[in-house]
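A.B. asks: any chance you can model this:
(one chain, ligands or ions: 1)
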Amino acid sequence: MGKKCMICGEEAKLKIKDTSDYYCEECAVDSFGDISVLVSVEEDAKKLKAIVEDKCEAPQKDDEELHTKDSFEEEEEKEDEFLEE
Ligand SMILES: [Zn+2]
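C.D. replies: Numbering: from 1, shown residues only. Next up, the predicted model:
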C-alpha cells in the first residue's frame with residue numbers, strides 16, 4: 001500500500017520535503033533533474049516515528065523537572081518561616 005507517483009501513477013519512492021507530492025524516482029529526476037529536494041517516503045515514515053517516540057518520552061522528563069522544582073520551593077518556604085520568627 002505505497003503512495004502513487006503524481007505523474008505516472010507508479011509506486012512512489014520519493015516525495016518533496018514538507019509536501020504531499022509523491023513521485024517515482026524516474027519522474028522525480030525528469031521533473032527536477034535533481035532529487036536532493038526529495039526525501040525517501042520510507043525515511044520520512046521513520047522520521048515521523050522518531051518524532052512520535054520523542055513525544056512519548058517527554059512527559060517523563062517533565063516529571064523529573066517538576067520534582068526538582070518542588071523540593072527547591074520547599075527549601076525556600078522554610079527560609080521564609082525562619083525569617084518571620
Ligand atoms: Zn512516475
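A.B. asks: please count neighbours and contacts with C-alpha atoms only from this point.
C.D. replies: Noted.
A.B. asks: which secondary structure state is assigned to the residue nearest to residue 29 when sequence neighbours are not counted?
C.D. replies: Spatial nearest neighbour of residue 29, excluding adjacent residues (C-alpha to C-alpha, 6 or more residues apart in numbering): residue 35 at 6.1 Å. Using DSSP: H, G, I helix; E, B strand; the rest coil, the structure places residue 35 in coil.
A.B. asks: give me the neighbour count for residue 35.
C.D. replies: A total of 17 residues lie near residue 35 under the criterion other C-alpha atoms under 10 Å.
A.B. asks: my guess is it contacts residue 27, does it?
C.D. replies: No - applying C-alpha atoms under 8 Å, one finds residue 35 not in contact with residue 27, separated by 10.0 Å.
A.B. asks: so what sits against both of the two?
C.D. replies: Common contact partners of residue 35 and residue 27 (C-alpha atoms under 8 Å, 6 or more residues apart in numbering): none.
A.B. asks: and this protein, which residues reach the ion?
C.D. replies: Counting by C-alpha under 5 Å from the ion, the chain comes close to the ion at 5, 8, 24, 27.
A.B. asks: which of the residues you listed fall in helices?
C.D. replies: Judged by DSSP state H, the residues of the chain next to the ion include residue 27 as members of helices.
A.B. asks: would you turn the residues of the chain next to the ion into CSV with neighbour count?
C.D. replies: CSV is the format used below for the residues of the chain next to the ion (neighbours: other C-alpha atoms under 10 Å):
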residue, neighbour count
5, 21
8, 12
24, 21
27, 18
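A.B. asks: next, format the residues of the chain next to the ion as JSON lines and append distance to residue 18.
C.D. replies: Converted to JSON lines, those look like this (distance: C-alpha to C-alpha, whole Å):
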{"residue": "5", "distance to residue 18": "16"}
{"residue": "8", "distance to residue 18": "21"}
{"residue": "24", "distance to residue 18": "17"}
{"residue": "27", "distance to residue 18": "18"}
